[in-house]
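In: Turn this into a structure:
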Amino acid sequence: MSGHSKWSQIKHKKAHTDAKKGKAFTKIVKEISVAARFGGGDPEGNPRLRTAIEKAKEVNMPHDNIKRAIMKGTGELPGVTYEEIVYEGYGPAGVAMLIEVMTDNKNRTVPEIRHMMSKSGGSLGETGCVSWIFDKRGYILVNKAKASEDSLMSAALDAGAEDMKNDPQEDNYEIITAPEALNEVKAAIEKANIPIESAEVTMLPKNYVALDGKSAEQMLRLMDALEDHEDVQNVYANFDIPDEVAEKLSK
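Out: Prediction:
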């Protein structure tokens, strides 16, 4: 797993699988409601809400579910109030981890996350202990088989992308943007008739910890366990794992 790309692909595929079980719907409904609560119910003037609605459409969430989630966020319908928290800590072999949570009961959620971390050889840390390792960025993946490097680079950079990466060992091009420029760059790529594998605002590590063997298996199982938790919205970590190990464990 070279850097960030492979895990993003696994997450993207997993979201579609989880949608069939209802897990993805639950997490996206929370995100829509919170985004509407803080930024209003109009996606045109609320980029966070617009991104959440796009995620909902990607997993075929019914329009009525989206509408109800927005109305609960704006207070037009009664709903649960969620608290947003970011936990920091360390995974196996000292991997830096950020865990974004939305919960209606912090006293329930924290012990559960702490238990998952310790069970996998990790631990929760103090606020600020690892956040400096990550930068908030827009992140777009495009399959190399579906676009030429030149046409993609032209569309992305002209629309304001900061960087485009072409790792020979990866199947996808990686486009990096400022968080607020993600939707504009995404729209420009789509306008050029280039299909996008995934697009998200994420936390990109500045450096990586190479893992193999048992620590790699522990790390991926911990990522899966955390992302399966209903209160966990996103997990970011700076691990680097061989592709064959990642693919074997992600099946």
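
In: For residue 162, grab the count of nearby residues.
Out: 14 (other Cβ atoms under 10 Å). Where you see a C-beta, it was placed from the backbone N, CA and C, and this is true even at glycine.

In: so how far is residue 149 from it?
Out: As judged by Cβ to Cβ, to the nearest Å, residue 162 and residue 149 stand 17 Å apart.

In: cool, and residue 72?
Out: 44 Å.

In: same check, this time on residue 163
Out: Distance from residue 163 to residue 149, by Cβ to Cβ: 13 Å.

In: and residue 84, that's in a strand?
Out: Yes: the assignment for residue 84, made by DSSP: H, G, I helix; E, B strand; the rest coil, places it in a strand.

In: neighbours around it, how many?
Out: For residue 84, using other Cβ under 10 Å, the count is 13.

In: Is it correct that it is in contact with residue 100?
Out: Yes: assessed by Cβ atoms under 8 Å, residue 84 is found in contact with residue 100 at 7.4 Å.

In: What ranges does the stretch 101-250 of the chain have for its helices?
Out: Residue ranges of the helices in the stretch 101-250 of the chain, as given by DSSP state H, counting those that start in this stretch, are 106-119, 149-158, 182-191, 213-228, 243-250.

In: wait, which of the ones you listed is closest to residue 59?
Out: Distance to residue 59, taken as Cβ to Cβ, is lowest for helix 213-228 among those, at 14.4 Å.

In: Just the angle for that closest one relative to helix 106-119, thanks.
Out: For helix 213-228 against helix 106-119, the angle by axes from the mean of the first three to the mean of the last three Cα atoms, to 10 degrees is 160 degrees.

In: mind exporting helix 213-228 as CSV, just the C-alpha atoms?
Out: Extracted C-alpha coordinates of helix 213-228, given in CSV (Å, rounded to 0.1, in the frame of the first residue of the first chain):
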residue,chain,number,x,y,z
GLY,A,213,4.1,-8.9,8.8
LYS,A,214,2.1,-8.9,12.1
SER,A,215,2.1,-5.1,12.5
ALA,A,216,0.7,-4.6,9.0
GLU,A,217,-2.1,-7.1,9.8
GLN,A,218,-2.8,-5.5,13.1
MET,A,219,-3.0,-2.0,11.5
LEU,A,220,-5.4,-3.0,8.8
ARG,A,221,-7.7,-4.9,11.2
LEU,A,222,-7.6,-1.8,13.5
MET,A,223,-8.6,0.4,10.6
ASP,A,224,-11.5,-1.9,9.7
ALA,A,225,-12.7,-2.2,13.3
LEU,A,226,-12.7,1.6,13.8
GLU,A,227,-14.4,2.4,10.4
ASP,A,228,-17.1,-0.3,11.2
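
In: and it, which residues are buried?
Out: 215, 216, 217, 218, 219, 220, 222, 223, 225, 226, 227 (16 or more other Cβ atoms under 10 Å).

In: Would you mind pulling up the elements that that helix packs against?
Out: helix 5-21, helix 106-119, strand 232-237, helix 243-250 (3 or more Cβ pairs under 8 Å, 6 or more residues apart in numbering; DSSP states H and E).

In: how much space is there between the residue nearest to residue 206 when sequence neighbours are not counted and residue 239?
Out: Ranked by Cβ to Cβ, 6 or more residues apart in numbering and with sequence neighbours excluded, the top spatial neighbour of residue 206 is residue 133, at 5.6 Å. Look at residue 133 and residue 239: by Cβ to Cβ, they are 12 Å apart.

In: One more: residue 115?
Out: Counting by Cβ to Cβ, the gap from residue 115 to residue 239 is 21 Å.

In: quick one, which of the two is more surrounded?
Out: residue 239 (26 against 11).

In: Which residue is the nearest non-sequential neighbour of the more buried one?
Out: residue 95 (4.7 Å).

In: tell me the SS of residue 35?
Out: helix.

In: For it, the count of nearby residues, please.
Out: Counted with other Cβ under 10 Å, residue 35 comes out at 23.

In: Please name the residues that touch it.
Out: 46, 48, 49, 51, 52, 73 (Cβ atoms under 8 Å, 6 or more residues apart in numbering).
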